[in-house]
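Visitor: My questions concern the predicted model and sequence given below.
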Amino acid sequence: VSEIRRSFDYYEHELYESPVDRLVLSGGVAELPILCEMLSEELGIKNVEVARPVDSALAIGRSDLVAPLRAHPAHFMVAIGLAARGTVDL
């Protein structure tokens, strides 16, 4: 938490003048049940959530083919990000 706070302090004071008001978690550890609540309390941020690429504007694909993505969406954020970045070149 102290490293995250340090990053927020740098962001808020050196780059922008507005406080961080939303935190989006990704990766396997993001789905730990207590993590969102703990980070919200420790960092004082009300909006802490796990990334859900299936809720985005991206066309993910047929639901029967993306069942693992729907079951554990935070695990696939790097792949989704890279795929979305590649669509710019199309």
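Guide: Cool, the structure landed.
Visitor: Relative to S26, how far out is H75?
Guide: 8 Å (Cβ to Cβ, to the nearest Å). Every residue, glycine included, has its C-beta placed from N, CA and C.
Visitor: and what of V48?
Guide: Here the distance between V48 and S26 works out to 12 Å (Cβ to Cβ).
Visitor: cool, and L69?
Guide: From L69 to S26 the distance is 13 Å (Cβ to Cβ).
Visitor: repeat for F76
Guide: With Cβ to Cβ as the criterion, F76 and S26 are 9 Å apart.
Visitor: And the pLDDT for G61?
Guide: Per-residue pLDDT puts G61 at 67.
Visitor: could you point out where this protein is predicted with low confidence?
Guide: Applying pLDDT under 70 to the chain flags residues 53-61, 86-90.
Visitor: again, only this time at 50
Guide: Applying pLDDT under 50 to the chain flags no residue at all.
Visitor: Sketch out the helices for it, chain order is fine.
Guide: Along the chain, counting by DSSP state H, helices occupy 2-10, 35-43, 67-71, 77-86.
Visitor: Output those helices as JSON lines; include the columns distance to P19 and mean neighbour count.
Guide: Below are those laid out as JSON lines (distance: least, Cβ to Cβ, whole Å; neighbours: other Cβ atoms under 10 Å):
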{"stretch": "helix 2-10", "distance to P19": "8", "mean neighbour count": "11"}
{"stretch": "helix 35-43", "distance to P19": "10", "mean neighbour count": "14"}
{"stretch": "helix 67-71", "distance to P19": "32", "mean neighbour count": "12"}
{"stretch": "helix 77-86", "distance to P19": "24", "mean neighbour count": "12"}
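Visitor: Now tabulate these in a markdown table and tack on distance to Y16.
Guide: Below are these laid out as a markdown table (distance: least, Cβ to Cβ, whole Å):
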| stretch | distance to Y16 |
| --- | --- |
| helix 2-10 | 10 |
| helix 35-43 | 16 |
| helix 67-71 | 32 |
| helix 77-86 | 22 |
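Visitor: With that, I have no additional questions.
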